[in-house]
Every structure is written in C-alpha cells, then in structure tokens.
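In: I would like the atomic coordinates for the input below:
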Amino acid sequence: MSRDKIRIALISDSELILNGLRKILGYEQGIEIAAEGKGLRFLRECATMEKPDYIFLDNRAGNYNAEKLMRSRLLKGSGTKVIQFTEGETSAETIPNLINVNQETTSTELVAIIKMIGSAENRGRETTPEAGTKSAKITKTETRIIKLIAAGVTNKEIAEKLSISEKTVKAHITNIFEKLHIQNRYQLMLYGKRMKKNAEMEI
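Out: All right, here's what the predicted structure looks like:
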C-alpha cells in the first residue's frame, strides 16, 4: 500500500455507515481505507498495527469516550486524528487531533476535512479566517450560533436552544459563511474553537 496516500480507518457498528463511507472515500484520489471494523478492541488493534492518519469513529450511540481516548497512550502523540461522528452536543473543549462531525456534515465536507488538514499541515497552518476579524461584523446571535457549531451542535438543536426555526438557523449560517468567507461547516467549527481559545487567553 502506498504511503503517499492519506490512510483512514473506519470504526462503526453499522454496516450501512461502513458501506456509505466506503463508497464516499473509496474512489477519492489521495485517500486509502486502511481498515474497517467495530468495537473498542478493533480500534485498539487498528491504531497499533495500521497506524492510520485518521480514524473515523461512529460514536452516535456514545459507546466511546473520545476525549479520554485521545489522551490515552494509544493515541496521544501518535499523530493519528480522530473524526468523531456524533448525534447531539459534544464537549466544546479543544482537544488536539479530535474533530467532531454530525449529521449536518455532508459527504463533500467530510472529504474536504480529511484533505484540508493534510494540505494545511504541509503548509504549517490551517486555512480558516482568524478569530476576531474586525471586518466581519458578527451579531450576538451569530456569535452564539458559531459557538454552538464549534461544540458540535446540530441545526435542529441550535433552533431549539435559541427558540428560532431551523430555517432561520440555516439563514444565519449562510450569512456567517459570507461574512467570514468560509466555505463549509468544518471551517466554521475551527473558527469557533479558535475564537473561544482567543477569548480565554484575554481573560
């Protein structure tokens, strides 16, 4: 197997998810599916033996503690990144090499996440706008939405939290994309996490 490709392992209890990911990623140039399976035991074996660049972790059922996993000897310092697929809100804490996605993430965005980080690492930086961009006049509502998206909250949950319609949430996100010159939800998640980190540094 060629090591010049981005190698990803797929972990899910759902054959439907695995089949879908296989179809999405299997024909992408520059991406190679290194392994696929289910359960913590397989995850450990895969991380040890295959040493993939990415692990896609289907954690919708909440069977895994991704934060603890990233800090364990298994993955800490390994360089392996975990893309955690969840339903609902996740920890807003910024954990190196842990990327949260949910059902709002499209297949195009998932591929972009994988390829974007790899190319960003080659350049030594991530391709997102700097937090606190003065030219972008972000409203208080938009700021709240950015923070919620950074925490992995879905559009439906954002609508419930802010007592607005899901259609209005989508309109706000579109406006945010235009203001920040952002192309997808993942870039917005990075922006939100960077914004949170900068705010903590100012305290």
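In: going by C-alpha atoms from here, please, whenever you check contacts or count neighbours.
Out: Will do.
In: any idea how far Ser72 is from Glu157?
Out: Distance from Ser72 to Glu157, counting by C-alpha to C-alpha, to the nearest Å: 31 Å.
In: what does Lys147 give?
Out: Using C-alpha to C-alpha, Lys147 is found at 13 Å from Glu157.
In: strands of the protein, residue ranges please.
Out: For the chain, the strands defined by DSSP state E cover 6-11, 31-37, 54-58, 81-85, 98-101.
In: comparing the ones you listed by mean pLDDT, which bottoms out?
Out: Per-stretch mean pLDDT for the strands of the chain is lowest at strand 98-101 (a mean of 85).
In: what does that one rub up against?
Out: Contact with strand 98-101 is made by 66-67, 70, 81-86, 90, 152, 186, as judged by C-alpha atoms under 8 Å, 6 or more residues apart in numbering.
In: would you list the buried entries among those residues?
Out: Buried by 16 or more other C-alpha atoms under 10 Å: 66-67, 70, 81-86, 90, 152, 186, out of the contacts of strand 98-101.
In: rewinding a little: between Ser72 and Glu157, which one's more packed in?
Out: Shown here are Ser72 and Glu157; by other C-alpha atoms under 10 Å, Glu157 has more neighbours (17 against 11).
In: what distance do you get for the more buried one to Ser165?
Out: 10 Å.
In: quick one on the thing from earlier: pull the most distant pair out of the contacts of strand 98-101.
Out: Met70 and Tyr186 (19.5 Å; C-alpha to C-alpha).
In: any idea how far stretch 45-55 is from the chain center?
Out: For stretch 45-55, the gap between its own C-alpha mean and the chain's C-alpha mean amounts to 18 Å (C-alpha atoms, centre = their mean, to the nearest Å).
In: measure it end to end?
Out: In stretch 45-55, first residue to last residue: 12 Å (C-alpha to C-alpha).
In: got the contact list for Ile173?
Out: Counting by C-alpha under 8 Å, 6+ apart, Ile173 makes contact with 142, 145.
In: tell me, how many residues neighbour the closest residue to Ser107 other than its chain neighbours?
Out: Taking C-alpha to C-alpha, 6 or more residues apart in numbering, and ignoring the residues beside it in sequence, Ser107 has Ile24 as its nearest neighbour in space, at 6.8 Å. Neighbourhood size, Ile24 [other C-alpha under 10 Å]: 14.
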